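In: Provided below are the primary sequence and the corresponding predicted coordinates.
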Amino acid sequence: MMSQQEKIQALGRLGVDLNQVQDLDVLMEAILTQARRFVNADAGSIYIRQDNMLRFTYTQNDTLQKRLGPSEKLIYSTFSLPVDTKSLAGFVAVTGKPLAIEDAHAIPPEAPYGFDKSFDSKAGYRTGSMLTLPLKNSRGNLLGVLQIINSQDASGKVCPFGQEDQQVMSHFGGIAAVALERAQMTRALLLRMISMAEMRDPKETGAHVNRVGAYSLELYERWAAKRGENPDAFARARDSIRMAAMLHDVGKVAISDLILKKPGRFEKDEFEIMKQHTVLGARLFLDPQSDFDEAASLVALNHHERWDGNGYPGHVAVDTGLPLAGHILPDGRPVGKKGEEIPLLGRIVSLCDVYDALSSKRVYKEAWTEKQTLDAIEQGSGTQFDPELVELFFGSLDVLRSIQQRYKDKEENQ
C-alpha cells in the first residue's frame, strides 16, 4: 500500500505519465489502473458522458480476473445510464461532487440514489465500499465519471475509503480529466480523418476502424505475451498500435471516386490504381516524428500483403511507389512481401481488417455468419494470414466478440 507521502509524490508524476498516452482506450486503462493503485482498490469503472447519458466504457476487477485462466480477459457488457440522480454515477454527474459509500448494499431507502445489485448477483461478487468521482475539464464541463470499488486494508479486507483517500482522489480526478480531454480530442481528430475516407468509401466507418484498432491491440498483446516481450517496450507500443490500425486505409482519400464508388468488380487497371492507397497512406508519414507515425506508415503500407507473397504493394519505395532494386518481377511488378518480411503490425491489421469486413454488414453486402467468417480465416492460415496470429485469433474470440458489441455500426444502434 502507498503511504500518504508516496501518494502526494505520485500525483506530481501522474500528469506527465498520463499525458504521454495518446490513445483514448489505452488511457482509460491507465487511469483506472493508477486510481486503484492509489487507494488499493479491488475494482473500478469509467463512464464517459455522451450527451445526457453516461456510457459504461471500461472496467477492471482483480477478484473476477483471478478466477479466469492466465490468458483469459474479463469480458464486460457496455451499457448507458441517464445523467440523473437515480444511480450513483448519475448522481455524481448531476451534482458534480464526489460521493463515498461505505457499503453499496446498505444504502438507505430514503437516499436519492441506489445501487443495482444485479451485477453482483450475476458475477458472484460483493460490492462494498465505493468512491465515485466526477471527471471535469478546466471549464467545469463533465467528461465522465470514475468509480473505484472495494478499498482494501493491509490484510486485504474491504474497508471504507478514508477522508485522505477522498482528498487525494479528488486531485487525481482533476489530473486524469486533463489527460482524458486531450485523448478525446486526439480520437476525434483521427475519426475526422477517417470520416473523409468514409465520405469516399462506405467501408471506412468510425465503428469499423474502432473495431480494427481494438482487435489489433488484442492480437498484439497476445503475441507479445507469447513471445515474452519486454514489458516496457510492450507498454509503449500499445498506444501507437491502436491508433495506427485505425488509420490503415487513410490513403483512400487520394483515390478517385470513379474507382472507390464503382459498383461491381474493378477492371485490371482500376485495381492497380486502387492498390496505390497503401503507398499513398504510408506517404503521409514519410517524415516520422513519433512512434505513432512510424507504426501508421507500416500499417498503411503493409496491411494488404499476404503471408504467401501474393499481396500488394510488395517491395516498393514509399516516396515513389516503384519497385525496389532486386525485387522486380519479369513483368516489371514488385515482388510481394512474404512471411516475416511483412512487418508484424501489417500482418496483424491484415487479419483484423478481413475479419471485420467479412463479419460486418455494408451497403453492398450482408454480413457473413460467424461460422462463414471463421472458416474463411482458418482457410487463410498459412496463405493469406500468419499462422501464429490465426492461432492467437481463435484463442481470443470471446474478447473479439465483446469488441464487436462495444463498437456497433450506426444502424445497429438505432
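Out: Nice, I can see it. Because the structure is a prediction, the values reported are computed rather than measured.
In: So which residue is dead centre in the protein?
Out: residue 214 (4.0 Å; C-alpha atoms, centre = their mean).
In: So which bits of stretch 141-157 are buried?
Out: For stretch 141-157, burial by neighbour count (16 or more other C-beta atoms under 10 Å) applies to 142-152. Just so you know, the C-beta spots here come from the backbone N, C-alpha and C atoms, and that holds for glycine as well.
In: Any chance of these in TSV with secondary structure and distance to residue 228 as columns?
Out: Shown next, in TSV, are the buried residues of stretch 141-157 (DSSP: H, G, I helix; E, B strand; the rest coil; distance: C-beta to C-beta, whole Å):
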residue	secondary structure	distance to residue 228
142	strand	42
143	strand	37
144	strand	35
145	strand	37
146	strand	33
147	strand	34
148	strand	32
149	strand	32
150	strand	32
151	strand	34
152	strand	30
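In: Quick check: of those, which lies closest to residue 317?
Out: residue 143 (43.8 Å; C-beta to C-beta).
In: how close does the residue nearest to the residue nearest to the centre of the chain when sequence neighbours are not counted get to residue 178?
Out: Leaving aside its chain neighbours, residue 214 sits nearest to residue 403 (4.5 Å; criterion: C-beta to C-beta, 6 or more residues apart in numbering). Plainly put, residue 403 is 27 Å away from residue 178 if you go by C-beta to C-beta, to the nearest Å.
In: The two - which one has more neighbours?
Out: Shown here are residue 403 and residue 178; by other C-beta atoms under 10 Å, residue 403 has more neighbours (20 against 17).
In: Provide a list of residues in contact with that one.
Out: Taking C-beta atoms under 8 Å, 6 or more residues apart in numbering, we find residue 403 in contact with 211, 214-215, 218.
In: Give the PyMOL command for selecting the buried subset of those residues.
Out: In PyMOL syntax, the buried subset of the contacts of residue 403 is picked out as below (16+ other C-beta under 10 Å):
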select buried, resi 211+214+215+218
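In: Tabulate the contacts of residue 403 (TSV), appending secondary structure.
Out: Shown next, in TSV, are those (DSSP: H, G, I helix; E, B strand; the rest coil):
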residue	secondary structure
211	helix
214	helix
215	helix
218	helix
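In: hmm, back to that, just the buried positions in the helix or strand harbouring the residue nearest to residue 214, please.
Out: Element membership for residue 403, per DSSP states H and E: helix 397-406. Of all the residues in helix 397-406, those buried under the rule 16+ other C-beta under 10 Å are 399-400, 402-404, 406.
In: Relative to residue 380, how far out is residue 212?
Out: 17 Å.
In: Also residue 184?
Out: In terms of C-beta to C-beta, residue 184 sits 36 Å off from residue 380.
In: Can you pick out the residue with more neighbours from the two?
Out: Using other C-beta under 10 Å as the criterion, residue 184 and residue 380 rank with residue 380 on top: 19 against 16.
In: Let me know the pLDDT of that one.
Out: Residue 380 is assigned 97 on the pLDDT scale.
In: which residues does it contact?
Out: By C-beta under 8 Å, 6+ apart, residue 380 lies in contact with 354, 390.
In: could you redo the last one with a cut-off of 10 Å?
Out: 306-308, 350-351, 354, 386-387, 390 (C-beta atoms under 10 Å, 6 or more residues apart in numbering).
In: Which among those residues count as buried?
Out: Buried among these by 16+ other C-beta under 10 Å: 306-307, 350-351, 354, 386, 390.
In: Which of those residues sits closest to residue 88?
Out: residue 351 (40.3 Å).
In: Against residue 178, how distant is residue 282?
Out: For residue 282 relative to residue 178 (C-beta to C-beta), the value is 33 Å.
In: How far does the helix or strand hosting residue 42 sit from its chain's centre?
Out: Under the criterion of DSSP H and E, residue 42 resides in strand 41-50. Chain-centre distance of strand 41-50: 16 Å, with C-alpha atoms, centre = their mean, to the nearest Å.
In: Just checking: what are the partner strands of the helix or strand following it?
Out: Following strand 41-50 in sequence order, the next helix or strand is strand 53-61 (DSSP H and E). Its sheet considered, strand 53-61 pairs with strand 41-50 (antiparallel), strand 80-82 (antiparallel) by DSSP bridges.
In: worst average pLDDT in the ones you listed?
Out: What stands lowest among those, in mean pLDDT terms, is strand 80-82, with a mean of 92.
In: Now the next helix or strand after it - C-alpha only, CSV.
Out: Using DSSP H and E, the next helix or strand after strand 80-82 towards the C-terminus is helix 88-95. Extracted in CSV, the C-alpha atoms of helix 88-95 (Å, rounded to 0.1, in the frame of the first residue of the first chain):
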residue,chain,number,x,y,z
LEU,A,88,-24.5,6.6,-8.0
ALA,A,89,-22.7,7.6,-11.2
GLY,A,90,-25.6,9.6,-12.4
PHE,A,91,-25.9,11.4,-9.0
VAL,A,92,-22.2,12.4,-9.2
ALA,A,93,-22.7,13.5,-12.8
VAL,A,94,-25.6,15.8,-11.8
THR,A,95,-24.1,17.2,-8.6
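In: measure residue 108 to residue 115 for me?
Out: Residue 108 is 11 Å from residue 115, by C-beta to C-beta.
In: Same question for residue 324.
Out: Note on residue 324: its distance to residue 115, by C-beta to C-beta, is 62 Å.
In: who's more crowded, the two?
Out: Neighbours were tallied for residue 324 and for residue 115 using other C-beta under 10 Å; the higher tally belongs to residue 115 (18 against 13).
In: Hmm, residue 106 and the more buried one touching each other?
Out: Yes - if you go by C-beta atoms under 10 Å, residue 115 and residue 106 touch, sitting 9.3 Å apart.
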